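Peer 1: everything below, folded, please.
(4 chains)
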2 protein chains.
Amino acid sequence: MEEREDLGAMVFRLGRRLLVMEQPILDRHGVSMWAYAVLTALRESPMRTQTALAAGIGADKTRLIPVLDELQKRGLIEREPDPSDRRVRLLDLTADGRRLHETIQSEIRAGEADLLSDFPPTDRDGFLRALIALTRR
Amino acid sequence: MEEREDLGAMVFRLGRRLLVMEQPILDRHGVSMWAYAVLTALRESPMRTQTALAAGIGADKTRLIPVLDELQKRGLIEREPDPSDRRVRLLDLTADGRRLHETIQSEIRAGEADLLSDFPPTDRDGFLRALIALTRR
DNA sequence: GCACATGATAGGCGCATGCTTACGATTGAG
DNA sequence: CTCAATCGTAAGCATGCGCCTATCATGTGC
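Peer 2: Now for the predicted structure:
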């Protein structure tokens, strides 16, 4: 592993490559990257505050608002004031939102599988294991 | 490998993490990310045109100009008109530039080694092999 | 009850980016 | 010789982002 680029350079190039692969998929479903991140986060579990959601996906909480507006208008998320604390908005996916996320994610996963298909399984597993470990908070 | 995030999400988070690690190093040496990319590219081999350099590091050729101005002013790169075609500027590192790149890169590599130190060698090697393959043009 | 903290929202500022256009110098093809 | 193409440079534009402030509604500790 002597002659290689810096990790940063390689990771950023890979990021760009993944972006190029994913963008058309997101465009086709009329969803921005941030919106997809929101759907993904809410699929794991509902959120009690928008601030927590923003922190969870590494977004600015003020920039998230138009994204949530749009998702709500399209009926993809629920966003209701918490009866027990009317400052906060409870966030959750609707059935439509869940369905759309599932559709998009499966397309993205197909693209990923395609990228990874050339590697020997041990490299691929090592790659994924290391990547998962490196991105654990 | 059933329950994992999308590759894109993980790769971008890792990119941010690497950025957080590298930025202080670059700042300490008064070098921007683009400038460091230029030094890295020129270390591999001199370049015959700025356009080729820009394409090589994935930058906009017009945005590269102030970066090159700065690097030249600091005596880190040479940038002379090609006698055989005076439209183009031959680009190369100076001794100082080579030295500075070497210093910065070794600090960055130390940070990378630290990040990767926890993994079993097989995972680490698979990770690097896959990453190298995925970023080959 | 009152001061203070928290959540959502709106707006603005500064920065880096990608993209585009224009221009002067130079080269090469016809 | 003339014209098109290439290279470097300057400038402008729209976008998206992070950050910061202010405002309003609400909740909590004293």
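Peer 1: stretch A:13-32 and DNA strand C, are they touching?
Peer 2: No: using CB under 7 Å from any atom of the strand, stretch A:13-32 never reaches DNA strand C; the gap is at least 8.2 Å. The C-beta positions use only the backbone N, C-alpha and C, and glycine is treated the same way.
Peer 1: for A:Val88, give me its contacts.
Peer 2: Contacts of A:Val88 were listed using CB atoms under 8 Å, 6 or more residues apart in numbering or on different chains, and they are A:Arg48, A:Thr49, A:Gln50, A:Pro81, A:Asp82.
Peer 1: in CSV: the residues you listed, plus neighbour count and distance to A:Ala41.
Peer 2: Below are those laid out as CSV (neighbours: other CB atoms under 10 Å in any protein chain shown; distance: CB to CB, whole Å):
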residue, neighbour count, distance to A:Ala41
A:Arg48, 14, 12
A:Thr49, 16, 12
A:Gln50, 20, 11
A:Pro81, 11, 20
A:Asp82, 12, 18
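Peer 1: and which of those is nearest B:Ile57?
Peer 2: The closest of those to B:Ile57 turns out to be A:Gln50 (CB to CB; 38.0 Å).
Peer 1: isn't that closest one right next to A:Leu64, touching?
Peer 2: Yes: using CB atoms under 8 Å, A:Gln50 is in contact with A:Leu64, at 6.3 Å.
Peer 1: got phi/psi on A:Arg86?
Peer 2: Note on A:Arg86: backbone dihedrals following degrees, to the nearest 10 are phi -80, psi 10.
Peer 1: what about it, how many neighbours?
Peer 2: For A:Arg86, the neighbour count with other CB atoms under 10 Å in any protein chain shown is 8.
Peer 1: A:Glu102 now?
Peer 2: 12.
Peer 1: leaving out sequence neighbours, find the closest residue to A:Ala35.
Peer 2: Leaving out its chain neighbours, the residue that sits closest to A:Ala35 by CB to CB, 6 or more residues apart in numbering or on different chains is A:Val67, at 5.2 Å.
Peer 1: wait, the one you found sits on A:Tyr36?
Peer 2: No: contact criterion CB under 8 Å: A:Val67 and A:Tyr36 do not qualify, at 9.8 Å.
Peer 1: out of these two, which sits in the busier spot?
Peer 2: The neighbour comparison of A:Val67 against A:Tyr36 (other CB under 10 Å) goes to A:Tyr36, with 24 against 21.
Peer 1: name the nearest residue to that one, ignoring sequence neighbours.
Peer 2: Distances taken as CB to CB, 6+ apart put A:Leu26 closest to A:Tyr36, at 5.8 Å, once the chain neighbours are dropped.
Peer 1: same question for A:Leu134.
Peer 2: A:Leu134's closest residue in space is B:Leu14 (CB to CB, 6+ apart), at 5.2 Å.
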